[in-house]
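A.B. asks: One predicted model, sequence on top.
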Amino acid sequence: MNAHAATARAEPTKAPHIGDHLREWRQRRHLSQLDLASDAEISARHLSFVETGRAAPSREMVLKLAERLEVPLRERNVLLVAAGFAPAFPQRSLDDPALKSARQAIDLVLKAHEPNPALAYDRQWNLVTANRMVAPLLEGLPPHLLGHPFNILRLAFHPEGLAPRTVNLAEWSAHLLERLHRQCEATADPELLKLYQELKAYRMPARSGPISVDNVAIPFKLRHNGDVLSFISTTMVFGTPVDITLQELALETFFPADDLTADRMRQIAAAL
């Protein structure tokens, strides 16, 4: 056996340096070294030295550059560890007493939104919690799509899920895929990238034409018990999180887009 090859195989993979991480995030944000240095109020020369490993940044500089680059909290911890510092941002369970007020706010929003559906999900689009109006719309779906983890996007695209029930599947799936693509660009999350490739592999109908100028938003049109329910949605996030769980949590609330849908949702709520 070649001694050099044996030695190379025996050496562990070298972890990326903090400079490698910073360069990757800077390039992902389409910023030059001069742009980032000016924004962070440091010299471009010093930033260049940090990226090439010729200078070691302080903890404060790592956090400042991460903030300017809009790096998610989870990945900011990665940057800190790569620079030799302890992680700064905790990731607690929603059941943690420290997140009690946040959990109460989530429950309040979901409950107050009835008789219309609303749900909360994490960064990978896995369901965290939902109000009681969601379950009736999912009746008849196979258990393997509703188990743990309950992935909302997979449910929307899967041929055994909501895809056959979605009247405007071409428009709605394109909208969801674009949202996921933007999220992949923003976070570089490998699990999201895998999910994106999985969803792209599903055969979706092509759009029949441009979106009607009469629409104010792309609705979600769902067949349910002989009716077509039409919803528009809003997405809410916590504004100033310093906990990873809270930053990665989103609430999706669905509003009736027509009188029929509003009436049917009231009827469903009354029967629960």
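C.D. replies: Structure received.

A.B. asks: Low-confidence stretches in this structure?
C.D. replies: 1-15, 208-215 (pLDDT under 70).

A.B. asks: For it, which segments count as strands?
C.D. replies: Using DSSP state E, the strands of the chain run over 118-121, 127-130, 220-224, 227-237, 250-256.

A.B. asks: Quick one: these as TSV, columns for mean neighbour count and distance to residue 79 too.
C.D. replies: (Glycine included, C-beta is placed from N, CA and C.) Converted to TSV, the strands of the chain look like this (neighbours: other Cβ atoms under 10 Å; distance: least, Cβ to Cβ, whole Å):
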stretch	mean neighbour count	distance to residue 79
strand 118-121	22	26
strand 127-130	17	26
strand 220-224	18	37
strand 227-237	16	22
strand 250-256	19	23
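
A.B. asks: List just the one of those that sits closest to residue 37.
C.D. replies: Counting by Cβ to Cβ, residue 37 lies closest to strand 227-237 out of those; the figure is 29.5 Å.

A.B. asks: neighbouring strands for the closest one, and are they parallel or not?
C.D. replies: Here strand 227-237 has these sheet partners by DSSP bridges: strand 220-224 (antiparallel), strand 250-256 (antiparallel).

A.B. asks: Report the residue ranges of every domain in this structure.
C.D. replies: 18-83, 97-206+216-271 (the TED database).

A.B. asks: re the thing from before, now distance to residue 244 too, for the strands of the chain, in CSV please.
C.D. replies: Shown next, in CSV, are the strands of the chain (distance: least, Cβ to Cβ, whole Å):
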stretch, distance to residue 244
strand 118-121, 15
strand 127-130, 14
strand 220-224, 29
strand 227-237, 13
strand 250-256, 14
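
A.B. asks: Just the buried residues of stretch 33-51, please?
C.D. replies: By neighbour count with 16 or more other Cβ atoms under 10 Å, stretch 33-51 contains the buried residues 33, 36, 37, 40, 42, 46, 47, 48, 50, 51.

A.B. asks: So which of these are in helices?
C.D. replies: 33, 36, 37, 40, 46, 47, 48, 50, 51 (DSSP state H).

A.B. asks: What's the separation between the closest residue to the fifth one other than its chain neighbours and residue 75?
C.D. replies: For residue 46, the nearest residue in space outside its immediate sequence neighbours is residue 55; the separation is 6.3 Å by Cβ to Cβ, 6 or more residues apart in numbering. In this view, residue 55 and residue 75 are 21 Å apart by Cβ to Cβ, to the nearest Å.

A.B. asks: Compare these two and say which is more crowded by neighbours.
C.D. replies: residue 75 (18 against 14; other Cβ atoms under 10 Å).

A.B. asks: Which parts of the stretch 1-150 of the chain are helices?
C.D. replies: For the stretch 1-150 of the chain, applying DSSP state H, counting those that start in this stretch gives helices covering 3-10, 18-28, 33-40, 44-52, 59-68, 73-82, 100-112, 143-146.

A.B. asks: List the buried residues of stretch 187-198.
C.D. replies: Neighbour-count burial for stretch 187-198 flags 187, 189, 192, 193, 195, 196 (criterion: 16+ other Cβ under 10 Å).

A.B. asks: picking that back up, isn't the residue nearest to residue 46 up against residue 45?
C.D. replies: No. At 9.4 Å, residue 55 does not count as touching residue 45 under the criterion of Cβ atoms under 8 Å.

A.B. asks: So which of the strands paired with strand 227-237 is nearest residue 107?
C.D. replies: strand 250-256 (10.7 Å).

A.B. asks: just how off-centre is stretch 179-194 within its chain?
C.D. replies: On the basis of Cα atoms, centre = their mean, to the nearest Å, stretch 179-194 sits 7 Å off its chain's mean C-alpha point.

A.B. asks: Also stretch 254-262?
C.D. replies: That offset, for stretch 254-262, works out to 26 Å (Cα atoms, centre = their mean).

A.B. asks: Check what contacts it and list those residues.
C.D. replies: 116-118, 219-220, 227-234, 265 (Cβ atoms under 8 Å, 6 or more residues apart in numbering).

A.B. asks: which of these sit farthest apart?
C.D. replies: Taking Cβ to Cβ, the two most distant members of those are 227 and 234; they sit 22.6 Å apart.

A.B. asks: hang on, the earlier thing: I'd like the strands paired with strand 227-237 as JSON lines, with distance to residue 148 appended.
C.D. replies: Formatted as JSON lines, the strands paired with strand 227-237 follow (distance: least, Cβ to Cβ, whole Å):
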{"stretch": "strand 220-224", "distance to residue 148": "24"}
{"stretch": "strand 250-256", "distance to residue 148": "19"}
